[in-house]
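K.L.:
Output the structure for:
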Amino acid sequence: MTTVMRLRLATIVIIGILVGRLAAPTAAFADAVYPTGSRIGLVPITGLVVTDRFPGFEDKRTGASVLILDMATRAHPDIGRLMGKDALKRQGIIEEKRESFAYRSGKGTLIAGRQQGNRSSRKWILLASVPDATALIVVEVPDDAEDAYSEAAVRSMLASLAIRPDVPIDEQLSLLPLRFDEFSGMRPVRVIGRSGAVLTSGPKDTLEASEQPLLIVSIGRGGPEGVQARDTFARNLLSGVGDIKEVRIIGADMLRLGGGLQTHQLFVEARDAKTKAPMKLVQWIRFGSGAFLRILGIARADDWSDAFPRFRAVRDGVNPRG
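P.N.:
Below you'll find the model as predicted:
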């Protein structure tokens, strides 16, 4: 081989190494995909897509899946104990390797093993502390899908773990069992788990009704059947409203709203416990089969003429998600 050919070959090798080094971060740090409602995301292996069956990804063709759980920080020690070798064995998981594992912004514990059962599979479990949470990611790949989901591909996916500061409010709303067909100038500022939301109107994202009107919409289980019992139930719920005093009920009715469902209505006058400002409240409870919808509107008395029509319009636009 001539000197010129050697130089050309060396140049090609060097360029290949440089391109590989430059390209690797781009692949590793591509934009993560976040399952709906999750702050934790990954760059999924080709074939995995977001699923609506659980928080994570799945490949329906091969049966491969990635479960992503975003739990409270305090859950980390308890989950860690459940990830012990003997505890895993009781779940049918035979641990093969346990190691410290680095991902984008930290380190966690990665356990690799096999899931025994009717359809044996490879399993990877990553337990990681992320800001304000504990992340648990479980990857399961059936044995007959290992060609599509290699060990290297799974590790690369787990190393891409990313966390976003929060979940967009619209995305959170999409997970509720109810939908808002009308906001009437109000906007959601907080979603209450998977059961409801808080709306406000005004320039601030506040939860202080003494500053601007608030509307709280939530779903609860149960609820009495009889009319008199429902009146007592509604009044008891109202007694749990904090930050108000000198409460005086000025009106109570049973209406038929939302497709003829019985709706209990209460009108209240009170004062804000902090500022002593005169306040007005309305509470609607729509009773259904084994559940109830509660809508509570609160505003200063001097804002009431503008706030109440908005409350009523939102109320009439709240429907079950179909």
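
K.L.:
contacting residues around the residue lying closest to residue 248 once chain neighbours are set aside?
P.N.:
Nearest residue to residue 248 in three dimensions, chain neighbours excluded: residue 269, at 4.9 Å (CB to CB, 6 or more residues apart in numbering). Every C-beta, even on glycine, is put in place using the N, C-alpha and C of the backbone. Applying CB atoms under 8 Å, 6 or more residues apart in numbering to residue 269 gives the contacts 247, 248, 250, 278, 279, 280, 281, 301.

K.L.:
just those now: which is nearest residue 194?
P.N.:
residue 281 (25.2 Å; CB to CB).

K.L.:
give me phi/psi at the residue nearest to residue 248?
P.N.:
Note on residue 269: backbone dihedrals following degrees, to the nearest 10 are phi -120, psi 140.

K.L.:
picking that back up, buried subset of the contacts of residue 269 as a ChimeraX selection?
P.N.:
Buried residues within the contacts of residue 269, by 16 or more other CB atoms under 10 Å, are selected in ChimeraX with:
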select :279,280,281
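
K.L.:
Let me know the closest of the contacts of residue 269 to residue 171.
P.N.:
Nearest to residue 171 among those, with distances taken as CB to CB, is residue 281, at 30.0 Å.

K.L.:
Centre-most residue in the chain?
P.N.:
Nearest to the mean C-alpha position of the chain, by CA atoms, centre = their mean, lies residue 37 at 3.5 Å.

K.L.:
Surely that residue is in contact with residue 172?
P.N.:
Yes: at 6.3 Å, residue 37 counts as touching residue 172 under the criterion of CB atoms under 8 Å.

K.L.:
quick one, strands of the stretch 1-150 of the chain?
P.N.:
For the stretch 1-150 of the chain, the strands defined by DSSP state E, counting those that start in this stretch occupy 40-41, 49-50, 56-59, 64-71, 93-103, 106-115, 121-130, 133-142.

K.L.:
which residues sit against the fifth one?
P.N.:
Outside strand 93-103, the residues within contact range by CB under 8 Å, 6+ apart are 85, 88-89, 107-116, 123, 126, 128, 155, 158-161.

K.L.:
What pairs with it, parallel or antiparallel?
P.N.:
Counting by DSSP bridges, the strands paired with strand 93-103 are strand 106-115 (antiparallel).

K.L.:
what's the angle between the partner strand and strand 133-142?
P.N.:
For strand 106-115 against strand 133-142, the angle by axes from the mean of the first three to the mean of the last three CA atoms, to 10 degrees is 30 degrees.

K.L.:
on that earlier part again, filter the contacts of strand 93-103 down to the buried ones.
P.N.:
So, by 16+ other CB under 10 Å, the buried ones in the contacts of strand 93-103 are 88, 108, 110-113, 115, 123, 126, 128, 155, 158-161.

K.L.:
Send me stretch 168-186 as PDB with only the CA atoms.
P.N.:
Extracted C-alpha coordinates of stretch 168-186, given in PDB (Å, rounded to 0.1, in the frame of the first residue of the first chain):
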ATOM      1  CA  PRO A 168     -49.400  21.200  30.100                       C
ATOM      2  CA  ILE A 169     -52.800  22.000  31.600                       C
ATOM      3  CA  ASP A 170     -54.700  21.000  28.400                       C
ATOM      4  CA  GLU A 171     -53.000  17.600  28.500                       C
ATOM      5  CA  GLN A 172     -54.000  17.100  32.200                       C
ATOM      6  CA  LEU A 173     -57.600  18.000  31.300                       C
ATOM      7  CA  SER A 174     -57.600  15.400  28.600                       C
ATOM      8  CA  LEU A 175     -57.200  12.700  31.300                       C
ATOM      9  CA  LEU A 176     -60.300  13.700  33.300                       C
ATOM     10  CA  PRO A 177     -63.500  11.700  32.900                       C
ATOM     11  CA  LEU A 178     -65.300  14.900  32.100                       C
ATOM     12  CA  ARG A 179     -64.800  17.600  29.400                       C
ATOM     13  CA  PHE A 180     -65.400  21.300  29.300                       C
ATOM     14  CA  ASP A 181     -67.300  22.400  26.300                       C
ATOM     15  CA  GLU A 182     -67.600  26.000  27.400                       C
ATOM     16  CA  PHE A 183     -65.100  28.100  29.400                       C
ATOM     17  CA  SER A 184     -67.000  31.500  29.100                       C
ATOM     18  CA  GLY A 185     -63.800  33.500  29.500                       C
ATOM     19  CA  MET A 186     -62.500  31.400  32.400                       C
END
